[in-house]
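In: Predicted structure and sequence below. I'll ask about it afterward.
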There are 2 protein chains.
Amino acid sequence: MSPRLRIAQVAPLYERVPPALYGGTERIVGYITEELVNRGHHVTLFASGDSETGAKLVAPAPRALRLDAGAQDDLALHLLELARVFEHAREFDVIHCHVGHLAFPFSRLARAPSLHTLHGRLDLPDTFPIFRHFLDEPLVSISHAQRQPFKGLGVTWAGTVYHGIRLDSFPFSPRSGAYLAFLGRISPEKRPDLAIALAKRVGLPLKIAAKVDKVDRVYFEREIEPLLDDPLIEFIGEIGEEAKARFLGEARALVFPNDWPEPFGLVMVEALACGTPVIARSCGSVPEVVVHGRTGFIADSLDEMEDAVKDLDRIDRAECRRDVTERFTVERMVNGYEAIYASLAGQARTA
Amino acid sequence: MSPRLRIAQVAPLYERVPPALYGGTERIVGYITEELVNRGHHVTLFASGDSETGAKLVAPAPRALRLDAGAQDDLALHLLELARVFEHAREFDVIHCHVGHLAFPFSRLARAPSLHTLHGRLDLPDTFPIFRHFLDEPLVSISHAQRQPFKGLGVTWAGTVYHGIRLDSFPFSPRSGAYLAFLGRISPEKRPDLAIALAKRVGLPLKIAAKVDKVDRVYFEREIEPLLDDPLIEFIGEIGEEAKARFLGEARALVFPNDWPEPFGLVMVEALACGTPVIARSCGSVPEVVVHGRTGFIADSLDEMEDAVKDLDRIDRAECRRDVTERFTVERMVNGYEAIYASLAGQARTA
């Protein structure tokens, strides 16, 4: 049995933990936190004040920022959060940050045993100088593909830990449904237009459950809304977790036509857990998550995606569920993090 | 004689030091830095790599960010800058920051003797939580009025130090000119519309030397450009320092109709140094800078501003110059900072 540790989890403040609706990072932080509490660790969660947790909650902002119209200085609140974490660094055996490079200088100045899970894409050269300055900060990638842009930079990888989900939140649906599903965020790089084109081509209904951020409003109105006027296409909007499990479970396949270096792609795992295969383009983490021909298909062009839809009967829904059970559970994810914590806390003790 | 100190000056990276054109904060950091070098201190300037200084320059960014189209992650570069400052905190007797609350957590975690000159407006409640968390960080206001929104917050004021200018950069112009001058930035709160209305009302030419930021482009095109089509009004655009001294010195008065809590208002001092009186609304620092009836007029309404123009002959241009000589020189400003540095460095030694 691993020793009980005093662990800080540092979440972004944009969504509550767990998030009400959309919010991949905060959802994962919530999963990790509750599982660590279940395993007997002493966990302090730094997150927005409307979060719900079995850990001790420290809230630098009363409400999640995305839904709090009054809050405007996001940076000030995150600085405040990190100050509150690292001024008490000695009270923790390990500090697990989910807020990106903003935490690096705090971690170094406080000489605290920290690790940083990188939740976003890393192909942003403007951020390279800061990563280069903090080469000794232990980083965790959420897929092997995510690391690719950092080749040769010399950063310190503490490991790759795939995201995991709670299996009971995504019950298995043995019977295949009649529609294709698109779930996530409407934005040019998520390529909802391609999902729509596929549905029209194969003559299957497509249901789109997605939020539209302010920044993507113009794209939605100009490029996507005109495509929705078709009996095959149904736009549902943003949905909560319970509705999501049903939405995914009752689908024939999840279409995931992303055009960007996806760092992980949690929704693929959520669909697979319900038994729903995934048709995805081979961007970023996709080939690590989808086992081509077994839990779905990697298909880059519209032609390939059409072939994939025709081949869906070859996929065993039970096999999709089983793969998640083996590779993408919260338990497995937390096993991964516990191993890293133990090594960091051990280093700190012997330093 | 005060002892020689090892001093870090931490400038924003938006403009070079000194700035090519607009850039109040970077200009002041440049003045302080060069004067401290002249006085024999060991000064390290943290600023963009295109800066020019007699101090040792450490540059976290090769070029000033405002003029560098390629740079996008301003925050990452400022974090990098602060990391490079505070990881070497022990090499300095005092660290003088000009980058606002971003520096607070660094300063506290490094336990470094620092002070923070606040260059902006402080009436932004979203930032109050971070100021409240860092009540022990020594702050310097640039006018007494600037402190007003912080009443009751309990922050630590190390002093008020008025900005100062180099008198030789703004030569005295004994003869009054024929036009009103507006200088700065086109934005709603600077009220260029009011300056234009005043010029039309009193029948004097108005010359506008101002930059238009991207964020103010729509305001400029919708609200201001239509007003420029008048033989009395001339729009010059952004000008450099030498052109500025001539532009201000040859004016009959500087019109400064700001509608916001001006933290200092350097351009008022620059005009006064040339002998040019100031007509300004009583916002923020204005009553501390303009001596009503002696170096200009505080006038809030268009009627009052019209009266002020009529009374301009009562102002002695030599008196305007003299007031700057006594209250707003670089030497006087640096005397103020040296006193604060000595007290902080002394505290650090006895701590």
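Out: Yes, it's here. Numbering: from 1, shown residues only, chains lettered A, B, ... in the order given.
In: residues contacting the residue in the stretch 201-350 of chain A that chain B sits nearest to?
Out: Using C-beta to the nearest C-beta, the single residue of the stretch 201-350 of chain A nearest to chain B is A:V215, 14.9 Å away. Where C-beta positions appear, they are placed from N, C-alpha and C, glycine not excepted. Residues near A:V215 by C-beta atoms under 8 Å, 6 or more residues apart in numbering or on different chains: none.
In: go on, the one 4 residues further on?
Out: Neighbouring residues of A:Y219 by C-beta under 8 Å, 6+ apart: A:I186, A:S187, A:P188.
In: ok, so of these, who is nearest A:I130?
Out: A:S187 (25.3 Å; C-beta to C-beta).
In: my guess is that closest one contacts A:D216, does it?
Out: Yes - counting by C-beta atoms under 8 Å, A:S187 touches A:D216, with 4.7 Å between them.
In: mind listing what's buried in the lengthiest helix in chain A?
Out: Longest helix of chain A, by residue count under DSSP state H: helix A:330-350. By neighbour count on 16 or more other C-beta atoms under 10 Å in any protein chain shown, the buried set for helix A:330-350 is A:V330, A:R332, A:M333, A:V334, A:G336, A:Y337, A:E338, A:I340, A:Y341, A:S343, A:L344, A:A345.
In: what's the average pLDDT for it?
Out: Across helix A:330-350, pLDDT averages out at 88.
In: What is that helix packed up against?
Out: If contacts are counted by 3 or more C-beta pairs under 8 Å, 6 or more residues apart in numbering or on different chains; DSSP states H and E, helix A:330-350 sits against helix A:24-38, strand A:94-97, strand A:114-117, strand A:138-141, strand A:156-160.
In: Go through those and name the closest to B:L232.
Out: Nearest of the helices and strands packed on helix A:330-350 (C-beta to C-beta): helix A:24-38, 57.0 Å.
In: Contacts for the helix or strand just after that closest one next, please.
Out: For helix A:24-38, the following helix or strand on the C-terminal side (DSSP states H and E) is strand A:42-46. Strand A:42-46 has contacts (C-beta under 8 Å, 6+ apart) with A:4-11, A:17, A:29, A:33, A:36-37, A:51, A:53, A:55-60, A:81, A:84-85, A:92.
In: filter those residues down to the ones near chain B?
Out: A:P60, A:R84 (C-beta under 8 Å from any C-beta of the partner chain).
In: For the stretch 101-250 of chain A, list the residues in contact with chain B, please.
Out: Checking the stretch 101-250 of chain A against chain B by C-beta under 8 Å from any C-beta, the hits are A:101-102, A:104-106, A:108-110, A:124, A:126-127, A:129-130, A:133-134.
In: Among these, find me the one that's closest to A:I236.
Out: Nearest to A:I236 among those, with distances taken as C-beta to C-beta, is A:L124, at 31.6 Å.
In: which residues does the closest one contact?
Out: A:P149, B:D73.
In: which residues of chain A score low on pLDDT?
Out: Along chain A, the parts satisfying pLDDT under 70 run over A:1-2, A:69-72, A:348-351.
In: I'd say A:L344 and A:V94 touch.
Out: Yes - assessed by C-beta under 8 Å, A:L344 is found in contact with A:V94 at 5.3 Å.
In: Need the overlap of contacts for the two.
Out: Counting by C-beta under 8 Å, 6+ apart, the residues touching both A:L344 and A:V94 are A:P113, A:S114, A:L115.
In: Where do the strands of chain A begin and end?
Out: According to DSSP state E, chain A carries its strands in the segments A:6-10, A:42-46, A:56-58, A:94-97, A:114-117, A:138-141, A:156-160, A:179-185, A:206-211, A:233-235, A:251-256, A:278-280, A:296-298.
In: mind giving me JSON lines with these and columns for mean neighbour count and distance to A:A199?
Out: Output for these, formatted as JSON lines (neighbours: other C-beta atoms under 10 Å in any protein chain shown; distance: least, C-beta to C-beta, whole Å):
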{"stretch": "strand A:6-10", "mean neighbour count": "23", "distance to A:A199": "40"}
{"stretch": "strand A:42-46", "mean neighbour count": "23", "distance to A:A199": "41"}
{"stretch": "strand A:56-58", "mean neighbour count": "15", "distance to A:A199": "43"}
{"stretch": "strand A:94-97", "mean neighbour count": "26", "distance to A:A199": "40"}
{"stretch": "strand A:114-117", "mean neighbour count": "24", "distance to A:A199": "35"}
{"stretch": "strand A:138-141", "mean neighbour count": "22", "distance to A:A199": "33"}
{"stretch": "strand A:156-160", "mean neighbour count": "15", "distance to A:A199": "34"}
{"stretch": "strand A:179-185", "mean neighbour count": "23", "distance to A:A199": "5"}
{"stretch": "strand A:206-211", "mean neighbour count": "20", "distance to A:A199": "4"}
{"stretch": "strand A:233-235", "mean neighbour count": "18", "distance to A:A199": "6"}
{"stretch": "strand A:251-256", "mean neighbour count": "26", "distance to A:A199": "8"}
{"stretch": "strand A:278-280", "mean neighbour count": "28", "distance to A:A199": "11"}
{"stretch": "strand A:296-298", "mean neighbour count": "24", "distance to A:A199": "16"}
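In: Let's have those strands in CSV, adding distance to B:G240.
Out: As requested, these are arranged in CSV below (distance: least, C-beta to C-beta, whole Å):
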stretch, distance to B:G240
strand A:6-10, 46
strand A:42-46, 47
strand A:56-58, 50
strand A:94-97, 44
strand A:114-117, 44
strand A:138-141, 45
strand A:156-160, 46
strand A:179-185, 46
strand A:206-211, 47
strand A:233-235, 54
strand A:251-256, 54
strand A:278-280, 55
strand A:296-298, 57
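In: Can you tell me which of these is nearest to A:L194?
Out: Among these, strand A:251-256 sits nearest to A:L194 (C-beta to C-beta), with 8.0 Å.
In: Determine the set of other helices and strands touching that closest one.
Out: strand A:179-185, helix A:192-202, helix A:266-273, strand A:278-280, helix A:302-310.
In: out of those, which comes closest to B:E306?
Out: That would be strand A:179-185 among the helices and strands packed on strand A:251-256, by C-beta to C-beta, at 55.4 Å.
In: For the closest one, which strands pair with it and how are they oriented?
Out: strand A:206-211 (parallel), strand A:251-256 (parallel) (DSSP bridges).
In: Those into TSV, with extra columns for distance to A:R314?
Out: Formatted as TSV, the strands paired with strand A:179-185 follow (distance: least, C-beta to C-beta, whole Å):
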stretch	distance to A:R314
strand A:206-211	21
strand A:251-256	12
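In: burial count for A:L77?
Out: Residues near A:L77, counting by other C-beta atoms under 10 Å in any protein chain shown, number 21.
In: what's the distance between it and A:T53?
Out: Computed as C-beta to C-beta, to the nearest Å, the A:L77 to A:T53 distance reads 19 Å.
In: Also A:E221?
Out: For A:E221 relative to A:T53 (C-beta to C-beta), the value is 38 Å.
In: more neighbours, these two?
Out: Each of A:E221 and A:T53 has its neighbours counted (other C-beta under 10 Å); A:T53 has more, 20 against 11.
In: wait, that one sits on A:I32?
Out: No - assessed by C-beta under 8 Å, A:T53 is found out of contact with A:I32, at 10.8 Å.
In: Any idea how many residues pack against A:A199?
Out: There are 24 residues near A:A199, going by other C-beta under 10 Å.
In: For the nearest residue to it once chain neighbours are set aside, give the beta-bridge partners.
Out: The shortest distance from A:A199 to any non-neighbouring residue, by C-beta to C-beta, 6 or more residues apart in numbering or on different chains, is to A:L206 (3.5 Å). With DSSP bridges applied, A:L206 shows beta-bridge pairing to A:L180, A:I233.
In: Enumerate every residue touching A:L206.
Out: A:Y179, A:L180, A:A181, A:F182, A:A195, A:I196, A:L198, A:A199, A:L232, A:I233, A:E234, A:V255.
In: TSV for those, including distance to B:K310?
Out: Listed next are the contacts of A:L206 as TSV, based on distance: C-beta to C-beta, whole Å:
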residue	distance to B:K310
A:Y179	77
A:L180	76
A:A181	74
A:F182	69
A:A195	70
A:I196	69
A:L198	75
A:A199	74
A:L232	75
A:I233	70
A:E234	71
A:V255	74
